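>>> got a sequence here, can you model it:
(chains A and B)
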Amino acid sequence: MNVLEIRDLGVDYLSQTGAVHAVADVSLDLRRGEILGLAGESGSGKSTLANAVARLLRPPAAITSGSVVYHRQDGTAVDVLALKRDELRAFRWKELAVVFQSAMNSLNPVSTVGAQIDDVLRIHAPKMSRKDRAERAVELLQRVGISADRRRSYPHELSGGMRQRAAIAIALALNPEVIIMDEPTTALDVVVQRDILHEIRALREEYGFAVVFITHDLSLLMEISDRIAIMYAGRVVETGTAEALHRTPRHPYTLGLLRSFPRLHGPREELLGIPGTPPDLRSLPPGCAFHPRCGRAMEECSTRLPLLTRGADGADGADGSDGEVACLLNGGRGVEEAS
Amino acid sequence: MIVLEGRNLTKHFTSARGPRGRLGRRPPVRAVEDVSIALRAGSVSALVGESGCGKSTVARLLAQVYPATSGDLLLRGEPVRAHRGAAFRDYRRQVQLIFQDPFSSLNPFHRVRYHLARPLRIHGHARSDEQERTMVAELLERVSLTPVEQFMDKLPHELSGGQRQRVAIARALAVQPVALIADEPVSMLDVSIRLGVLRLLEELAKESGLALLYITHDIASARYFAEDITVMYAGRLIESGPSEALTQSPRHPYTRLLLESAPDPDRVTPPDATRHGEPPSLIAPPGGCRFHPRCTVALPVCSSEAPGRTELGEGRWTHCWQAETPDPVAR
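Numbers count the residues shown, from 1 in each chain, chains lettered A, B, ... in the order given. This next block holds a predicted model:
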């Protein structure tokens, strides 16, 4: 039951000195109604991937390979990358909506929140009457926890958390099947972030949309996501359920990330961290891009590029999870130890 | 030994624009109110709070970026009153500040060598070109930017975020300060890089006897890197204590909320889904305890009178009317 299927997607940033492969050979499935977490450091390609799926890339970025297929509820398949201008307009918002990191920059500063919801409805649902649109705007704002009288407020009159709620309300306007959220809570405080996360989960239960949740904060992702994909240097290096990734990460990078962040509860364990720095995308190391920072790297790692597989035997993990890993260790099964 | 101490620091900002209140005056933003904090040599203290709570203002008051509205600043027990001239430069030599964003705190036109040589020259530590070169090399080595020859002639844009922050730390160390104030030093860095920078700061405190104030919104990192934590809310200090005791058994309802809200995959029980509202405006902060509108266990007294400091023993104290109750939530 996939709502979105990404296959072998590649995105390059073209420059005079040659192309930079920001996203390479990414294949991912988004299931109907699930929250898929996309984690990675800055420059790992997570935002580029999201923008490619929403067809928001602008030159010098260009999609060089692969396909993105969207499945409607009635079974018809849509080739997202082949949509023309007017088809794209119908596709966005109705089928797929985006919430950006900084609501201050994605909301129009000279227009009230209510007017911005009205704009979306007027353009994407021209048959709605003015009265219906006004009612819908109030309903949406209330649904995300903003009182109705706030619809006449300008973005600068709202707090950071309220602006982010308003951005989510606008994304919800036409009941999309997929919402891409690019670092939606990064600029917010932990208490406000916690409230927004609850809101997203509650709305998901109510409306049944699927979410691609992008963040660099793995601990946050593990709480909110159903499944998680970890990106490193433009490639997906591991996928799995949030629980499996937390308990038994299989890529050394995931394991390194889990051992990098301090924990609030339990004994104070030693933080191991990851040595070195993320690679320069203009000159990626050969083989596995992570091998110069990997404590377990073998000779083979610097020559052979590991592909995302379910492990050598192709079978599901012992716990029934259907995770994949791109690592040559242990015959392609990756690390075999608990976090 | 206490190196740097702020006593009852208060800072009110008056805006140059905006509506006037009674008597034609513009109401001040009460950014920091009655904050007392002490930094000890060789020890890392953390100041934790949400954005807008005034923690950066405290950093700037301690570094004398601007004067306090009221309150005293003591360096090694001596009161400090210097905002310009030689006395101010002398203060700068002893107290240094590291900023959050290493992308804007380094001049993009100048090489690493220049950034480190400037403070050496201005504060008279380097008297010859040769001396300057050896000192710059030493600084780079202290922050593990090796081989030093390679880094000396780089421009900021050729460095990664973590490397830039190391240059900023080296620049702060150039004047051989006794106190270092790090305002969110790792929040702009990638997760895998943060640990290295925090370890470096910790080492500097332990080995060189620096007094370090680590200002952060991330209470989990404060648990790991600071010996004691002070929590701030809406311009006031609300709780302080040794980091392990404070994070494992918080006494103030706000500290509890902060700990419950932090993302934590090891959490056994999911946090409750009630909405908590947002921090108050500092132009017209709520009367009494500033946390009472969001507090789940607030009493009538909380809205009328600000709670004083209750000592809890073992270096712990809190500002809460229910401090004596071990766990006001569980009652």
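>>> for the stretch 51-200 of chain A, what spans make up the helices?
A:85-91, A:103-106, A:113-124, A:130-143, A:160-172, A:190-207 (DSSP state H, counting those that start in this stretch).
>>> the first one packs against which elements?
The elements that helix A:85-91 packs onto, with contact taken as 3 or more C-beta pairs under 8 Å, 6 or more residues apart in numbering or on different chains; DSSP states H and E, are helix A:113-124. The way it works is simple: take the backbone N, C-alpha and C, and place the C-beta from them, glycine included.
>>> longest helix anywhere in chain B?
helix B:191-208 (DSSP state H).
>>> wait, does that helix contact chain A?
Yes. Using C-beta under 8 Å from any C-beta of the partner chain, helix B:191-208 reaches chain A at B:191, B:192, B:193, B:194, B:195, B:196, B:199.
>>> just the buried residues of that helix, please?
B:191-198, B:200-202, B:204-205, B:208 (16 or more other C-beta atoms under 10 Å in any protein chain shown).
>>> helix or strand right after it?
Moving toward the C-terminus from helix B:191-208, the next helix or strand (DSSP states H and E) is strand B:211-216.
>>> quick check: buried residues in that next one?
B:211, B:212, B:213, B:214, B:215, B:216.
>>> show the contacting residues for residue B:153.
Contacts for residue B:153 (C-beta atoms under 8 Å, 6 or more residues apart in numbering or on different chains) come out as B:111, B:112, B:113.
>>> what separation do you get for it and residue A:328?
38 Å (C-beta to C-beta, to the nearest Å).
>>> go on, residue B:10?
Distance from residue B:10 to residue A:328, by C-beta to C-beta: 60 Å.
>>> neighbour-wise, which of these two wins?
Taking other C-beta atoms under 10 Å in any protein chain shown, residue B:10 and residue A:328 do not tie; residue A:328 has more neighbours (21 against 16).
>>> quick check: the more buried one touching residue A:288?
Yes. In this structure, residue A:328 is within contact of residue A:288 by C-beta atoms under 8 Å, at 7.0 Å.
>>> now for those two: what residues contact both?
Joint contacts of residue A:328 and residue A:288 (C-beta under 8 Å, 6+ apart) are A:301, A:304, A:306.
>>> and those, which is closest to residue A:195?
Each of these was scored against residue A:195 by C-beta to C-beta, and residue A:306 proved nearest at 39.9 Å.
>>> ramachandran angles for the closest one?
phi -70, psi 140 (degrees, to the nearest 10).
>>> can you pull out the strands in the stretch 1-150 of chain B?
B:2-13, B:29-40, B:44-48, B:70-75, B:78-79, B:95-98 (DSSP state E, counting those that start in this stretch).
>>> for residue A:77, find the nearest of those strands.
That would be, of the strands of the stretch 1-150 of chain B and by C-beta to C-beta, strand B:44-48, which comes in at 50.1 Å.
>>> which stretches in chain A count as strands?
A:2-15, A:18-31, A:35-39, A:61-71, A:77-79, A:96-99, A:178-182, A:210-215, A:227-232, A:235-241, A:324-325 (DSSP state E).
>>> okay if I get those as CSV plus distance to chain B?
Below are the strands of chain A laid out as CSV (distance: least, C-beta to the nearest C-beta, whole Å):
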stretch, distance to chain B
strand A:2-15, 15
strand A:18-31, 16
strand A:35-39, 9
strand A:61-71, 21
strand A:77-79, 35
strand A:96-99, 18
strand A:178-182, 15
strand A:210-215, 10
strand A:227-232, 10
strand A:235-241, 12
strand A:324-325, 18
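>>> will you turn those into TSV that also has mean pLDDT, mean neighbour count and distance to residue B:176?
Below are the strands of chain A laid out as TSV (pLDDT from 0 to 100; neighbours: other C-beta atoms under 10 Å in any protein chain shown; distance: least, C-beta to C-beta, whole Å):
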stretch	mean pLDDT	mean neighbour count	distance to residue B:176
strand A:2-15	91	18	43
strand A:18-31	90	20	42
strand A:35-39	93	25	41
strand A:61-71	92	17	47
strand A:77-79	90	12	64
strand A:96-99	90	23	48
strand A:178-182	92	24	44
strand A:210-215	93	24	40
strand A:227-232	94	26	40
strand A:235-241	92	25	44
strand A:324-325	89	26	49
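>>> can I get those in JSON lines including distance to residue A:282?
Converted to JSON lines, the strands of chain A look like this (distance: least, C-beta to C-beta, whole Å):
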{"stretch": "strand A:2-15", "distance to residue A:282": "8"}
{"stretch": "strand A:18-31", "distance to residue A:282": "6"}
{"stretch": "strand A:35-39", "distance to residue A:282": "23"}
{"stretch": "strand A:61-71", "distance to residue A:282": "15"}
{"stretch": "strand A:77-79", "distance to residue A:282": "31"}
{"stretch": "strand A:96-99", "distance to residue A:282": "28"}
{"stretch": "strand A:178-182", "distance to residue A:282": "24"}
{"stretch": "strand A:210-215", "distance to residue A:282": "23"}
{"stretch": "strand A:227-232", "distance to residue A:282": "16"}
{"stretch": "strand A:235-241", "distance to residue A:282": "16"}
{"stretch": "strand A:324-325", "distance to residue A:282": "26"}
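>>> tell me the mean pLDDT for stretch B:103-123?
Across stretch B:103-123, the average pLDDT comes to 90.
>>> contacts for it?
B:89, B:92-93, B:98-99, B:125-126, B:132, B:135-136, B:139-140, B:145, B:151-157, B:159, B:161, B:164, B:167-168, B:170-171, B:174-175, B:188.
>>> give me the buried subset of the residues you listed.
By 16+ other C-beta under 10 Å, the contacts of stretch B:103-123 give B:92-93, B:98-99, B:126, B:132, B:135-136, B:139-140, B:145, B:151-152, B:154, B:156, B:159, B:161, B:164, B:167-168, B:170-171, B:174-175, B:188 as buried.
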